[in-house]
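**Student:** Provide a 3D model corresponding to the input given below.
(chains A and B)
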Protein chains: 2
Amino acid sequence: MNGGTSFTGLTGKNRFPVYVSPVTMELINTGSELLLGRVLNTHLQWLGRQLTDRGYTLKRQVAVPDGGRDIQAAVREALGRADFIITTGGLGPTSDDLTRELIAGLLGRALHHDATVEHAIRHYFESRGRPVPARTKVEAQVPEGARVLPNRQGTAPGLVLVVDPNPFRPDGRRSVLVMLPGPPRELRPMFTQEVVPVLTEYFPPAEPFACRTLRTTGLGESFIEERIDGPLAPLVQSGMDLGYCAKVGEVEVRFVARGPQAVTTVATAEAITRGLIGEFIFGTDDDTLEGAVLQRFTQQKQTLALAESCTGGHIANRLTNVPGASAVLLAGYVTYANEAKIRTLGVRPETLRDHGAVSEATAREMAEGARRISGADWAVAVTGIAGPDGGTPEKPVGTVFLAWAGPHGTTSARQLNPFDRETFKFLTAQQGLHGLLTAPTARP
Amino acid sequence: MNGGTSFTGLTGKNRFPVYVSPVTMELINTGSELLLGRVLNTHLQWLGRQLTDRGYTLKRQVAVPDGGRDIQAAVREALGRADFIITTGGLGPTSDDLTRELIAGLLGRALHHDATVEHAIRHYFESRGRPVPARTKVEAQVPEGARVLPNRQGTAPGLVLVVDPNPFRPDGRRSVLVMLPGPPRELRPMFTQEVVPVLTEYFPPAEPFACRTLRTTGLGESFIEERIDGPLAPLVQSGMDLGYCAKVGEVEVRFVARGPQAVTTVATAEAITRGLIGEFIFGTDDDTLEGAVLQRFTQQKQTLALAESCTGGHIANRLTNVPGASAVLLAGYVTYANEAKIRTLGVRPETLRDHGAVSEATAREMAEGARRISGADWAVAVTGIAGPDGGTPEKPVGTVFLAWAGPHGTTSARQLNPFDRETFKFLTAQQGLHGLLTAPTARP
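**Tutor:** Predicted coordinates:
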């Protein structure tokens, strides 16, 4: 195969380098529930990212209802254009799960009963102490010549069909079609464990490819550029792509390289960047800021308390989504009302009277109170004006005060986050969590 | 136009009646960021639902990169099939915003400068005290014959093109193409205020159509069916569609009717259903359970406190996403650790020792402590085992105790929610919030 070209996939503020593989890929999401708006389609984002980070790019995605004509038309069109096609959904046991039969029919392949699949389905239910539903039998039907991809999280296996020669392409060129089950918890591990090897078997990268995304918070895109563009210039001149993706409360820095030196180049770029802006990097790829905070606190056997006013439990909720949070997070206090700040956290009424609930002094007393009352090593406090009302000329809507209380004293910061309510909460949480990640004694 | 047919859009556990309009509709989402997996495409779900609830259905959705060939190919194909086409994205001022030019080019329509649009853009910036960026000028380019849809939340207007005769259909039949901006906060009000009138102007419903979705929590689908299927049978026999959509912690009940009696029929069905299972209905259409709780507490001038263990701030976070939450929610306590339950909420060490942290006794003391300490009229407490570890034969993973303390005493409940962490938190929150909605004194 030929090598691909590299380009900046997104322009303007979101320059995002990707490697444009010469392999044409398309995604077909089946399911009437998608078009009726009953279910959010998360497959495009997840698969798009997985493929991009492996040096492949999706060229088109389509969603069609469960009806036979629609699925067959979409598959026929994709087979006429694409080298690699992924379908999602419609492999289950109910009467609207038609993908397997429709695609087999389109390609003139008979379905046969596969004893290995049936055995796996039986095992799935029996190991859970449940009877095997009769209708799951249809999931053991396999089109002639298909490769079966085991489903470790459910019952319907994935299927790979190599269409060669391909009757829907003028030149008959081969297409590979992969059918995946719809539930994300089944699809995702199956993609990573089973589909990626199939992909690289049939469409091996023309040359080594490496990419890395560093996730940062606390420093604007232009400030990051200012610090790293110069030092990384030699690598960029030698062919590495460098890009940024600015989101709310986060900037992604991304390196993409090809060729024999790809892995080394990307590793060098990462090391240089960590040396220059390491304190703003909280992880790579799929890492989260809350996960990074918990990991650091767990490693250091430090405990944490939260005093949230304007974020209203958002920080606590994010931290407790991470398994193992209970080892670190002793308590969170959502003290919306002044009275709660006084009663629960011991904020002094004079402080509220003289400085107001949204003030540095209040934030500091909230953090110190949360730390004292919970007995945690650290506490972070946030108090601010989410809006839409409540702003003043000195403290406009979006004003936030944060404080971090720890074994060696208390620090604080003022921020302006003039955004809608949920964005305001998210961004304020980023700032509070970032302070925990970089607090001096939280770094040994 | 001909009338449509009605069918059950989703089968099996998710029977969902929709009215299948004879108007063929397609959605084209443009943007390389969608295919690279950088951004989640929420347009399909939102628009799909909006259209379905107005008696129209999307037949196909496609996402294509910003490149010229891809957008034009997708629009050409859609024009060959569909009566009504919506595109999203690519109307902004940056160099990869090409939708307007590409579609005008495909249809052979010249772009002209529109002084009214330029004036609106100028006003948008000037009213915010910001200079007008030179590059926004491109947003005032309007294809020949297009109708302009004002953008009240941003700068790029929407555009409507009536393609009549349509060169891409064998019979030349008219298609209507609507271009909408990509940001949801611009697209959504523009759709509701501007696109819906265009849609009903060009494709008026053949007969009156009415639909209603009742959102319920606390009662399983089969129990709802048992209670309402019989009493609603006469309406169903006279042509009304009745359907259910079961989700985690929620079942939607949906009525769809056509014909001169449609509105009356649906209203009758709603009244019958409210009479039978009213205490489980928290709202209609886009209402949320947290919004319903806050509305009721606000109306009754009651205040609230939360004591969350296993939900870890999830309930507080959902409540504080609703503007005006501060009038009701005085305080939330996330007391993960036993020590925090004792110190913050006054749970007795003996209770924890004798009954365990996950027990009815602890839940009751948490709720009573939160109510006492915050001074709120009401408090809800949840304590449970999220897993994956910590289960016992008597209290398996997923066990939850909830308690509601109010002016007239404390009630409690035990639930089993054996799901993954985030589902567990959500479902437990549903149960806690539903108890607040139905608590005797919270209903006058």
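
**Student:** which residues does residue A:372 contact?
**Tutor:** Contacts here follow Cβ atoms under 8 Å, 6 or more residues apart in numbering or on different chains; on that basis residue A:372 touches residue A:346. Yep, even glycine has a C-beta here, placed from its N, CA and C like the rest.

**Student:** how much space between residue A:38 and residue B:213?
**Tutor:** Remark: distance between residue A:38 and residue B:213 (Cβ to Cβ, to the nearest Å) = 10 Å.

**Student:** likewise residue A:389?
**Tutor:** Distance, residue A:389 to residue B:213, using Cβ to Cβ: 32 Å.

**Student:** what does residue A:290 give?
**Tutor:** Applying Cβ to Cβ to residue A:290 and residue B:213 gives a distance of 34 Å.

**Student:** Averaged pLDDT, stretch A:291-304. What do you get?
**Tutor:** Taken as a whole, stretch A:291-304 has an average pLDDT of 96.

**Student:** what does stretch A:426-442 contact?
**Tutor:** Residues contacting stretch A:426-442 (Cβ under 8 Å, 6+ apart): A:217-218, A:248-250, A:279-280, A:282, A:289-290, A:292-293, A:296-297, A:300, A:302, A:304, A:310-311, A:314-315, A:318, A:378, A:380, A:382, A:384, A:400, A:402, A:404, A:406-408, A:411, A:413, A:415, A:417, A:419.

**Student:** which among these end up buried?
**Tutor:** With burial judged by 16 or more other Cβ atoms under 10 Å in any protein chain shown, the buried subset of the contacts of stretch A:426-442 is A:217-218, A:249-250, A:280, A:282, A:289-290, A:292-293, A:296-297, A:302, A:304, A:310-311, A:314-315, A:318, A:378, A:380, A:382, A:384, A:400, A:402, A:404, A:406, A:413, A:415, A:417, A:419.

**Student:** still on that earlier bit, neighbour count winner among residue A:389 and residue B:213?
**Tutor:** Counted by other Cβ atoms under 10 Å in any protein chain shown, residue A:389 and residue B:213 do not tie: residue B:213 has more neighbours, with 21 against 9.

**Student:** Specify the local secondary structure of the more buried one.
**Tutor:** Three-state call for residue B:213 (DSSP: H, G, I helix; E, B strand; the rest coil): strand.

**Student:** Run through the residues that contact it.
**Tutor:** Applying Cβ under 8 Å, 6+ apart, the residues near residue B:213 are B:53, B:252-254, B:284-285.

**Student:** Kindly report the same for residue A:106.
**Tutor:** A:72, A:75-76.

**Student:** Return the residues of the stretch 301-444 of chain A in contact with chain B.
**Tutor:** A:306, A:308, A:311-317, A:319-321, A:323, A:325-326, A:329-337, A:339-340, A:343-344, A:373-375, A:388, A:420-422, A:425 (Cβ under 8 Å from any Cβ of the partner chain).

**Student:** Please check the residues you listed and keep the buried ones.
**Tutor:** The neighbour count (16+ other Cβ under 10 Å) marks A:306, A:308, A:311-317, A:319-321, A:325-326, A:329-337, A:339-340, A:343-344, A:373-374, A:421, A:425 as buried among these.

**Student:** I figured residue A:64 was touching residue A:41, is that so?
**Tutor:** No - with contacts counted by Cβ atoms under 8 Å, residue A:64 stays clear of residue A:41, the gap being 11.7 Å.

**Student:** Mutual contacts of the two, please.
**Tutor:** The overlap between the contact sets of residue A:64 and residue A:41 (Cβ under 8 Å, 6+ apart) consists of residue A:29.

**Student:** what does stretch A:164-173 rub up against?
**Tutor:** A:76, A:79-80, A:83, A:174-175.

**Student:** Keeping just the C-alphas, turn it into CSV.
**Tutor:** Extracted C-alpha coordinates of stretch A:164-173, given in CSV (Å, rounded to 0.1, in the frame of the first residue of the first chain):
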residue,chain,number,x,y,z
ASP,A,164,-13.3,-10.2,-2.2
PRO,A,165,-14.0,-9.7,-5.1
ASN,A,166,-16.3,-6.9,-4.1
PRO,A,167,-19.3,-6.8,-6.5
PHE,A,168,-20.1,-3.2,-5.6
ARG,A,169,-16.8,-1.7,-6.7
PRO,A,170,-16.2,-1.2,-10.4
ASP,A,171,-12.7,-2.7,-10.0
GLY,A,172,-13.9,-5.4,-7.7
ARG,A,173,-11.4,-4.3,-5.0
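
**Student:** Between the contacts of stretch A:164-173, which sits nearest chain B?
**Tutor:** Using Cβ to the nearest Cβ, residue A:80 comes nearest to chain B of the contacts of stretch A:164-173, at 11.9 Å.

**Student:** Residues contacting the helix or strand encompassing that closest one, please?
**Tutor:** Residue A:80 belongs to helix A:68-81 when assigned by DSSP states H and E. Applying Cβ under 8 Å, 6+ apart, the external contacts of helix A:68-81 come out as A:24, A:26, A:28, A:30, A:59-60, A:62, A:64, A:85, A:87, A:90, A:98-99, A:102-103, A:105-106, A:163, A:166, A:168-169, A:175, A:177, B:59-60.

**Student:** Can you mark which positions in that helix are buried?
**Tutor:** Buried residues in helix A:68-81, counted by 16+ other Cβ under 10 Å: A:70-75, A:77-79.

**Student:** now those residues in a markdown table, with pLDDT?
**Tutor:** Below are the buried residues of helix A:68-81 laid out as a markdown table (pLDDT from 0 to 100):
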| residue | pLDDT |
| --- | --- |
| A:70 | 92 |
| A:71 | 95 |
| A:72 | 96 |
| A:73 | 95 |
| A:74 | 97 |
| A:75 | 97 |
| A:77 | 96 |
| A:78 | 97 |
| A:79 | 97 |
